[in-house]
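Colleague: Take this sequence and fold it.
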Amino acid sequence: MSSDQVVAVFGGTGFLGRRVVRHLLDKAFSVRVVSRHPKKHAGAPAQQHSSSAFADIHDELSVVPAIDGAYGVVNAVSLYVEHGAETFDAVHVAGARRLARLAKKLGVQRFVQVSGIGADPKSASLYVRKRGEGELAVRAEFPGAIIVRPAVMFGPDDAFLNTIVRLLKLLPVYPMFGRGGTRLQPACVEDVGEAIARCLEAREAPETTYELGGPRIYTYEDLLRTIGDRLKRRPILVPVPFAAWHALARIAELLPKPGLTRNQVELMEIDTAASTGMPGFDTLGIAPLPIDHVVDQIAPKPATAIH
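Modeller: Numbers count the residues shown, from 1 in each chain. This is a model prediction of the structure:
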């Protein structure tokens, strides 16, 4: 791939966006890291063929120069907690629609919209519903857009796996969401970043929708036990009804920085495993990493003494 082909990565300083940027650079793309806080990228180690740009997906005037001249656009902007004007509709629907419309108008050849497994415009969950509506909005503006739906992503610096590891090491009794039966297929964030880069690199037009799940489907209880075994921790797992979690989240949301939201509780009530027959990692030639790989990075095993 020639480095004169530019890919603009919106949300390029985020958890997934940083990986997308790195994997695109590995494939010799020239990358434009687009963010409302480009100084975050400016403070990172300098990388050849990368530059930073300011843009706010709510502001068309700032988006146009960030996209102009790009071969590809990746929308990795995400929102997990609403606050003020930053709503799920504003970010995942209106913002995504705006990027797709302008990308099409400016002649972008490939547009990748990062969504999530389970995205559904008919869902009772506001977050999941707006993710689904966002996919429809993007396709309406950019018919050939590539939709990438990762499962819950993990990595050494994530919030998902680090929280579980920390609590399993700390608590003798672990409160589960519901009875622990929700199905999850966690995917390594590095694999998702590589998958997106391959979608942009492919010479032939790639599939239009990918569901990216890791190598194993767990129930929530099985996931906790698997991680606990890796940590040599076996706390008592106690089912806690979702109604209780919703009540707790409602109180937590009164805090400036809530540690739990009702949206997060809703997500734990929904299975997030890749659909059978959907294009995924295998279609892109990627063997996804197991969760053990990252658990060991977060909480390395103590060295064995040699006598």
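Colleague: which residues are in contact with stretch 14-23?
Modeller: With contact meaning CB atoms under 8 Å, 6 or more residues apart in numbering, stretch 14-23 is reached by 9-12, 31, 33, 35, 47, 50, 74, 76-78, 114, 150, 153, 155, 157-158, 189-190, 192-194, 196-197. (C-beta placed from N, C-alpha, C; glycine too.)
Colleague: repeat for stretch 161-176
Modeller: Against stretch 161-176 from outside (CB under 8 Å, 6+ apart): 154-155, 186, 220-221, 223-224, 227-228, 231, 233, 235-240, 291, 294-295, 298-299.
Colleague: Point out the ones among those that are inside helices.
Modeller: Tyr220, Glu221, Leu223, Leu224, Ile227, Gly228, Leu231, Ile291, Val294, Val295, Ile298 (DSSP state H).
Colleague: Which residue in these has the weakest pLDDT?
Modeller: By pLDDT, Ile298 ranks lowest within the ones in helices among the contacts of stretch 161-176, coming in at 90.
Colleague: That one contacts Pro156, doesn't it?
Modeller: Yes. Ile298 lies in contact with Pro156 (CB atoms under 8 Å); the separation is 6.0 Å.
Colleague: what about these two, which has more around it?
Modeller: The neighbour comparison of Ile298 against Pro156 (other CB atoms under 10 Å) goes to Ile298, with 19 against 15.
Colleague: The stretch 1-150 of the chain: strands as residue ranges?
Modeller: In the stretch 1-150 of the chain, the segments counted as strands under DSSP state E, counting those that start in this stretch are 6-10, 30-35, 50-54, 72-75, 110-114, 146-150.
Colleague: Out of those, which one sits most buried?
Modeller: strand 72-75 (a mean of 29; mean count of other CB atoms under 10 Å).
Colleague: ok, residues contacting it?
Modeller: 5-12, 17, 20, 29, 57, 67, 95-96, 99-100, 103, 108-114, 138, 196, 200.
Colleague: burial count for Thr219?
Modeller: There are 16 residues near Thr219, going by other CB under 10 Å.
Colleague: Please apply the same query to Val21.
Modeller: 28.
Colleague: and what of Ser125?
Modeller: 19.
Colleague: was I right about it contacting Asn263?
Modeller: Yes. At 7.2 Å, Ser125 and Asn263 qualify as touching, with contact defined as CB under 8 Å.
Colleague: Quick check, Leu260 in contact with Arg250.
Modeller: No. Between Leu260 and Arg250 there is no contact under CB under 8 Å: 9.5 Å.
Colleague: hang on, Glu221 packs against Leu237?
Modeller: Yes. Between Glu221 and Leu237 there is a contact under CB under 8 Å: 6.1 Å.
Colleague: tell me, what's touching the two both at once?
Modeller: Common neighbours of Glu221 and Leu237, counting by CB under 8 Å, 6+ apart, are Met176, Gly180.
Colleague: helix or strand for Ala197, which one?
Modeller: helix 189-201 (DSSP states H and E).
Colleague: what mean pLDDT would you report for that helix?
Modeller: Mean predicted confidence for helix 189-201 is 97.
Colleague: what residues does that helix touch?
Modeller: Residues contacting helix 189-201 (CB under 8 Å, 6+ apart): 1, 7, 15-16, 18-20, 22-24, 26-27, 29, 71-72, 74, 76, 110, 112, 114, 146, 148, 150, 153-155, 158, 206, 210, 212, 214, 281, 284-286, 288-289.
Colleague: Spatially nearest residue to Glu221, not counting backbone neighbours?
Modeller: Gly180 (3.0 Å; CB to CB, 6 or more residues apart in numbering).
Colleague: Counting neighbours, what do you get for that neighbour?
Modeller: Neighbourhood size, Gly180 [other CB under 10 Å]: 20.
Colleague: Let's verify it: helix, strand, or coil?
Modeller: Put simply, Gly180 is coil when judged by DSSP: H, G, I helix; E, B strand; the rest coil.
Colleague: how close does it get to Leu267?
Modeller: 15 Å (CB to CB, to the nearest Å).
Colleague: could you say what helices and strands the longest helix seen in the chain packs with?
Modeller: When the chain is parsed with DSSP H, its longest helix is helix 126-141. Judged by 3 or more CB pairs under 8 Å, 6 or more residues apart in numbering; DSSP states H and E, the packing partners of helix 126-141 are helix 88, helix 96-105, strand 110-114, strand 146-150, helix 262-267.
Colleague: Need these in a markdown table (columns: mean pLDDT and distance to Gly132).
Modeller: Output for the helices and strands packed on helix 126-141, formatted as a markdown table (pLDDT from 0 to 100; distance: least, CB to CB, whole Å):
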| stretch | mean pLDDT | distance to Gly132 |
| --- | --- | --- |
| helix 88 | 95 | 11 |
| helix 96-105 | 98 | 11 |
| strand 110-114 | 98 | 12 |
| strand 146-150 | 98 | 10 |
| helix 262-267 | 88 | 14 |
